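In: Got a predicted structure plus its sequence, pasted below:
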Amino acid sequence: MIPKPRPAVVHELPETGETVLCDLEGARLVVLNAVGAAVWSLLDGTRSIDAIVDVIVETLGAERDVVRRDVEAFVASLAAQGLVDLP
Amino acid sequence: MSGSRSFFVSDVEVVARGLPEAIAEGLSACFGSCRRAPLPARTRVVFEVERRGDGFRVMRDGEFVAGAPGESTLLPALERALYDAFPAWHPPPRAILHAAGVSLGERVLVFAGSSGAGKTAFARAFLELGAGYLGDETIFTDGERLWGFPRALQFDVLPEGAPPPPWLGEVDLRSYRFESDAGISVRPLLPPPEEAIRPGPHPASSARVILLERGERDTVEPASAIDALRVLTTEAFGRVETNLGPLLRAPLRVRWNDPRAAAERLLRHLP
């Protein structure tokens, strides 16, 4: 499954280092943690969820099943907020 | 006889031609303080006013953009045509924030809030306290710099002949008279003092966002960066496709009843 990100702006908050996603209507703001920010940056409309999980597993050395569950939940929450389209 | 006027919006030189004398004076009263380009001038846009019977047509670079049935409605029509062009002149990564701005030394205070929240009132209060002036309505940013449009401060419209509210004080009530569905109205204007005009550009990281709200008392408290981001993005003119992160350091929320007293209270909260 290849999630398609909607156009959004990434804001980095200077004090907390958090990343905030903001859709271009400005109606929705989503605060991302470091992993969420990494996943968002990997959502380029061509990578599948599997491919994203591969990169994260490789980068963080975390357990694949755990990463997959987290990535799927995160992408689903972005989809629920209209920031990602799922085919 | 017709007059022309020119002024700068960011790096755009705006030239208005074919103006009836009273309209030329009205434009000077509104935008005479925008004679300096805050960014190196890049282009020139010509608004041409053409008389058609009793009415007027406003052309922008040869294209019809607004009409006015008479002279008393021409200045608001011109202003609207001007502001309507701002987004096209500020494509991404530029954004247009609905905010007032003043400078205090190296720091810039960006006052954000909906219409009536007090942007102009706070800009005026800080001018009286000796601050520099970026503008009372629009602040531009590309995420690295921010700059203003230092037009004359514009206060809420009054019906013609109505006594001005006492807090207006020394404001030029003659400059901008116009007609709308509500009848003849007056837009009170306050030109910024020449020495206070500092549109920038300033580093975006020098900005401190102040969220304004009307309240029963004057209070100052920290606001979350998320709240500031929410206000800046929802109150912007057009889309914000700019990382506003650099502007979001330590925002404050000011609830106010008396703008001057609240401005002084805010000053005491700034390091």
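Out: Thanks, I have it.

In: residue ranges of the helices in chain A, please?
Out: Assigned by DSSP state H, the helices in chain A fall at A:34-42, A:49-60, A:64-80.

In: how about those in JSON lines, adding mean neighbour count and mean pLDDT?
Out: In this view, the C-beta of every residue, glycine as well, is placed from N, C-alpha and C. Listed next are these as JSON lines, based on neighbours: other CB atoms under 10 Å in any protein chain shown; pLDDT from 0 to 100:
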{"stretch": "helix A:34-42", "mean neighbour count": "18", "mean pLDDT": "90"}
{"stretch": "helix A:49-60", "mean neighbour count": "16", "mean pLDDT": "92"}
{"stretch": "helix A:64-80", "mean neighbour count": "16", "mean pLDDT": "93"}
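
In: can you redo those as JSON lines with distance to residue B:134?
Out: Converted to JSON lines, those look like this (distance: least, CB to CB, whole Å):
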{"stretch": "helix A:34-42", "distance to residue B:134": "32"}
{"stretch": "helix A:49-60", "distance to residue B:134": "43"}
{"stretch": "helix A:64-80", "distance to residue B:134": "36"}
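
In: between the ones you listed, which gets nearest to residue A:6?
Out: helix A:64-80 (8.8 Å; CB to CB).

In: other SSEs contacting the closest one?
Out: helix A:34-42, helix A:49-60, strand A:84-85 (3 or more CB pairs under 8 Å, 6 or more residues apart in numbering or on different chains; DSSP states H and E).

In: can you list contacts of the longest one?
Out: Contacts with helix A:49-60, where a contact means CB atoms under 8 Å, 6 or more residues apart in numbering or on different chains, come from A:1-3, A:35, A:38-39, A:42-43, A:47, A:62-64, A:67-68, A:71-72, A:75.

In: between that helix and helix A:64-80, how many degrees?
Out: Orientation of helix A:49-60 against helix A:64-80 (axes from the mean of the first three to the mean of the last three CA atoms, to 10 degrees) gives an angle of 120 degrees.

In: from the middle of its chain, how far away would helix A:49-60 be?
Out: Offset of helix A:49-60 from its chain centre (CA atoms, centre = their mean, to the nearest Å): 12 Å.

In: Read off the pLDDT value for residue B:174.
Out: With respect to pLDDT, residue B:174 scores 63.

In: Nearest to residue B:123, out of the helices of chain A?
Out: Comparing these by CB to CB, helix A:34-42 comes nearest, at 36.0 Å.

In: ok, and the closest non-adjacent residue to the closest residue to chain B within chain A?
Out: The nearest approach of chain A to chain B comes at residue A:26, 3.4 Å away (CB to the nearest CB). Once flanking residues are discounted, residue A:26 sits nearest to residue B:233: 3.4 Å by CB to CB, 6 or more residues apart in numbering or on different chains.

In: now do residue B:19
Out: residue B:3 (4.6 Å).

In: same deal with residue B:212?
Out: Using CB to CB, 6+ apart, the nearest residue to residue B:212 is residue B:113, at 3.8 Å.

In: quick one: low-confidence ranges for chain B?
Out: B:1, B:173-175 (pLDDT under 70).

In: returning to that earlier point: quick one, what contacts the residue nearest to residue B:19?
Out: Residue B:3 neighbours (CB under 8 Å, 6+ apart): B:19, B:20, B:21, B:23, B:24.

In: in the chain, which residue is closest to the centre?
Out: Defaulting to chain A. Centroid-nearest residue in chain A, with CA atoms, centre = their mean: residue A:40, separated by 3.1 Å.

In: Now do that one against residue A:18, distance only.
Out: Distance of residue A:40 to residue A:18, computed by CB to CB, to the nearest Å: 12 Å.

In: overlap in contacts of the two?
Out: Counting by CB under 8 Å, 6+ apart, the residues touching both residue A:40 and residue A:18 are residue A:32.

In: Relative to chain A, which of the contacts of residue B:3 is nearest.
Out: Using CB to the nearest CB, these come closest to chain A at residue B:23, 34.9 Å.

In: Is the closest one within a helix or a strand, and which one?
Out: helix B:21-31 (DSSP states H and E).

In: Now do the helix or strand that comes right after that helix: which elements does it pack against?
Out: Using DSSP H and E, the helix or strand that follows helix B:21-31 in sequence is strand B:43-52. In terms of contacts (3+ CB pairs under 8 Å, 6+ apart), strand B:43-52 is packed against strand B:12-19, strand B:55-60, helix B:74-89.

In: Mind putting these into a markdown table with distance to residue B:181 and mean neighbour count?
Out: Below are the helices and strands packed on strand B:43-52 laid out as a markdown table (distance: least, CB to CB, whole Å; neighbours: other CB atoms under 10 Å in any protein chain shown):
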| stretch | distance to residue B:181 | mean neighbour count |
| --- | --- | --- |
| strand B:12-19 | 24 | 19 |
| strand B:55-60 | 17 | 18 |
| helix B:74-89 | 11 | 18 |
